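[1] Give me a model of this one.
(one chain, ligands or ions: 2)
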Amino acid sequence: MNYEKLMKRAISLADQYKYTAKPNPVVGCIIIKDDKIISEGAHEKFGCNHAEVNAINSAKTKVGKSFESFGELTLICSLEPCNHSGKTGPCTEAIIKSGIKNVVIGALDPNPLVSGKGIESLKKNGISVTINVCSELVKEQNKFFFFKNTYGRPFITAKIASSIDGKSHIVGSKQTWITSKKSREDVQKLRASKDVILTGGNTVVNDNPMMNARVDFLTNQPKKILLSTKTNLNFDAPFFKDADYEIIKERDLDKVVSRFKNTDVTSILVEAGPKLINSFLNEGYVDKLIVYESTSKLGPNGVNWFKEDNAVEKLGFKLESSYKIESDTKKIYIK
Ligand code: AOF
Ligand code: ZN
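    Ligands and ions are numbered 1, 2, ... in the order given. So this is what the prediction gives:
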């Protein structure tokens, strides 16, 4: 049987939950009898049931109606079923117990706790396993999760707002609004898509930001991380209000980034001033740079984002795409 079409359906099912499953990967699962769909499930929320368990539970309500026994069914899931106990029990166990004898998998789970072991456990229990059906789509869909498990650190995006003459703000000023309201709304979505927002002390003191994701859909709020050795922080500031935050008093970025190795965090958005952004860029810790560029000029009193012309290109970035948001231009650079 050609499982690609059903795998693509499992992948779209999973996609709906990218803001609530994070930092976990999104996973979708479909159970079929011959070419008929019996049930579907997805990993909807971090810490809650995995996709396979939701699909199996839903199929259980249909025994004796749509099918007679689980041995007749095939389970199609976008990611290799886990065989470890994390916040939930092993999916392999749920599959084996159900009596399903045929499993089709999109991509192997890159999590070293799981990778290959889920398949092994299914096979040991007499289940036939097909792998790598649309695996590239699954990897693309869970890009940050695969990146983290491949490189041992989160995927890092840096975001800046720049005037047309390449400036960040007016020297000595507090907050300077450079881009339009629509661009700032776009930033809220960008924040929602990440596990962590990382900023510096000057940004928190000068801009007084909340640094949360103010979006009109359900999302797991990113954790806020402040890199600062400042001792005069105002903890009544919006940044600290009712928020999950951490202050890291560390200047060495190698050490900062390696702190995430054994955590759930798969993606970081750095929103900071020129000093911290340039440190991340120069140390090779930016995988994607997003520039929101306005048409206004800040002129000679403006502070430059970069010391030299074409600094971004000189660091090896290429413009991946750009488009207009009202009069601003959003430019996305990757390496
Ligand atoms: C699956 N099906 O739907 C998902 C999987 O803490 P836990 O128990 O939620 O486990 C999280 C890990 O399980 C996650 O890092 C990844 O390796 C795997 N995700 N596995 O069988 C699912 N979401
Ligand atoms: Zn699982």
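[2] tally of neighbours for residue 135?
    By the criterion of other Cβ atoms under 10 Å, residue 135 has 16 neighbours. For the C-beta atoms, the positions are set from N, CA and C on the backbone; glycine is no exception.
[3] distance of the closest residue to it other than its chain neighbours from residue 49?
    The spatial neighbour of residue 135 that comes closest, neighbours along the chain excluded (Cβ to Cβ, 6 or more residues apart in numbering), is residue 107 at 4.0 Å. From residue 107 across to residue 49, the span is 20 Å (Cβ to Cβ, to the nearest Å).
[4] now residue 179
    In terms of Cβ to Cβ, residue 179 sits 40 Å off from residue 49.
[5] the more surrounded of the two?
    Taking neighbours as other Cβ under 10 Å, residue 179 and residue 49 compare with residue 179 leading, 24 against 20.
[6] how near is residue 4 to residue 166?
    Taking Cβ to Cβ as the measure, residue 4 falls 47 Å from residue 166.
[7] Looking at these two, which is more packed in?
    Neighbour count, other Cβ under 10 Å: between residue 4 and residue 166, residue 166 has more, with 18 against 12.
[8] Now for the more buried one: which residues touch it?
    304, 305, 306 (Cβ atoms under 8 Å, 6 or more residues apart in numbering).
[9] what about 10 Å?
    Residue 166 is in contact with 160, 291, 293, 297, 298, 302, 303, 304, 305, 306, 309, 311, counting by Cβ atoms under 10 Å, 6 or more residues apart in numbering.
[10] Pretty sure the fourth one sits in a strand.
    Translated: residue 297. No - using DSSP: H, G, I helix; E, B strand; the rest coil, the assignment for residue 297 is coil, not a strand.
[11] And stretch 219-227, how far out from the chain middle?
    Its chain's average C-alpha position is 12 Å from that of stretch 219-227, according to Cα atoms, centre = their mean, to the nearest Å.
[12] er, stretch 231-242 I mean
    With Cα atoms, centre = their mean, you get 26 Å for stretch 231-242.
[13] State the number of residues packed around the residue of the stretch 101-250 of the chain found nearest ligand 1.
    Nearest to ligand 1 in the stretch 101-250 of the chain, going by Cβ to the nearest ligand atom, is residue 111, at a distance of 3.4 Å. Neighbourhood size, residue 111 [other Cβ under 10 Å]: 20.
[14] what do you get for the one 5 residues further on?
    Burial of residue 116 is recorded as 13 neighbouring residues (other Cβ under 10 Å).
[15] As a check, name the ranges of all helices in the protein.
    Taking DSSP state H, the helices of the chain run over residues 4-15, 18-21, 51-60, 91-98, 117-124, 135-141, 143-151, 181-192, 201-207, 253-258, 274-282, 311-314.
[16] Can you lay out those as TSV showing distance to ligand 2 and mean pLDDT?
    Below are the helices of the chain laid out as TSV (distance: least, Cβ to the ion, whole Å; pLDDT from 0 to 100):
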stretch	distance to ligand 2	mean pLDDT
helix 4-15	13	98
helix 18-21	12	98
helix 51-60	6	98
helix 91-98	3	98
helix 117-124	8	97
helix 135-141	15	98
helix 143-151	14	97
helix 181-192	25	96
helix 201-207	38	87
helix 253-258	28	98
helix 274-282	34	97
helix 311-314	40	96
